[in-house]
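**Q** Okay, here's the prediction I keep looking at, along with the sequence it came from:
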Amino acid sequence: MTARVLCRRSGPSGRRSAPWAALAATLLCGSVAAQTTIDLTPSSDTSLFEEGALKQDVIDILLANSRLPGSAYGDLMGQIGALELGVRRLEALLDEYGDATVAEALAQLKARAAELMRAEIAALPDGTVAVEDWLDNDGIVDQPLKVALDLTVAGDRLVMDFSRSAPACRGPVNISRSTTIAACYVALKHVFGEVP
């Protein structure tokens, strides 16, 4: 598994324009082809922490390859803080109730959420709804990109099919499968607010 750090530049107005991006890539990197990602394969050298201490050299590499290093640093510190708080709270639950009780509670929460989601979906009419929208461009190639969704309800099952969307592109607008799945869960959480 590799972490991918995008090194991209935007136009003076903040809006990505293909001609400006190509020129910037040529000036900064020597060619458009050189404007790529940095692969950091997880190892002892690229982990963010060593023996509980934050490794500033790894953070410096990440920030040096960000369009907004201040924002990236703030986001990273926020994520680390949230994870540390989560660890403290989970450890407190485990200390208070024990591993078996916490594991059983989490299993019941997952089962209840699945049951509630199936009930919410079953209340919808069966059928397929097809929607699409367009991105102006990918910031590199000045061509519109289609984002399409075919949402199918059948009983208590819901399928979200994005296969009619534009294929992966050169610009920094692609997202991973896991991010797509997470975005779909967030959207469903907004529609079905009672589901944990």
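**A** Arrived safely, thanks for sending.

**Q** the bottom helix or strand of the chain by mean pLDDT?
**A** strand 3-6 (a mean of 34; mean pLDDT, DSSP states H and E).

**Q** what about the lengthiest helix in the chain, distance to the chain center?
**A** Using DSSP state H to define each element, the chain has its longest helix at helix 69-97. Relative to its parent chain, helix 69-97 has a centroid offset of 18 Å by CA atoms, centre = their mean, to the nearest Å.

**Q** Quick check, Ala119 in contact with Glu194.
**A** No: counting by CB atoms under 8 Å, Ala119 does not reach Glu194; the two are 9.6 Å apart. Yep, even glycine has a C-beta here, placed from its N, CA and C like the rest.

**Q** So which of the two has more stuff around it?
**A** Using other CB atoms under 10 Å, the more surrounded residue of Ala119 and Glu194 is Ala119, with 13 against 9.

**Q** what about that one, is that helix, strand or coil?
**A** helix (DSSP: H, G, I helix; E, B strand; the rest coil).

**Q** go on, the one 5 residues further on?
**A** Here Leu124 is recorded as coil under three-state DSSP.

**Q** Distance-wise, check it relative to Ala92.
**A** 39 Å (CB to CB, to the nearest Å).

**Q** Any stretches of the protein with poor pLDDT?
**A** With pLDDT under 70 as the threshold, the chain has low-confidence stretches at 1-44.

**Q** Burial check on Ala187, number of neighbours?
**A** Using other CB under 10 Å, Ala187 has 12 neighbouring residues.

**Q** that's a helix at it, yeah?
**A** Yes: counting by three-state DSSP, Ala187 is found in a helix.

**Q** Could you list the buried residues of stretch 169-186?
**A** Within stretch 169-186, the residues scored as buried using 16 or more other CB atoms under 10 Å are Cys169, Arg170, Gly171, Pro172, Val173, Asn174.

**Q** Give me the subset of those residues lying in strands.
**A** Judged by DSSP state E, strands contain none of the buried residues of stretch 169-186.

**Q** and of these, the nearest to Leu63?
**A** Pro172 (16.8 Å; CB to CB).
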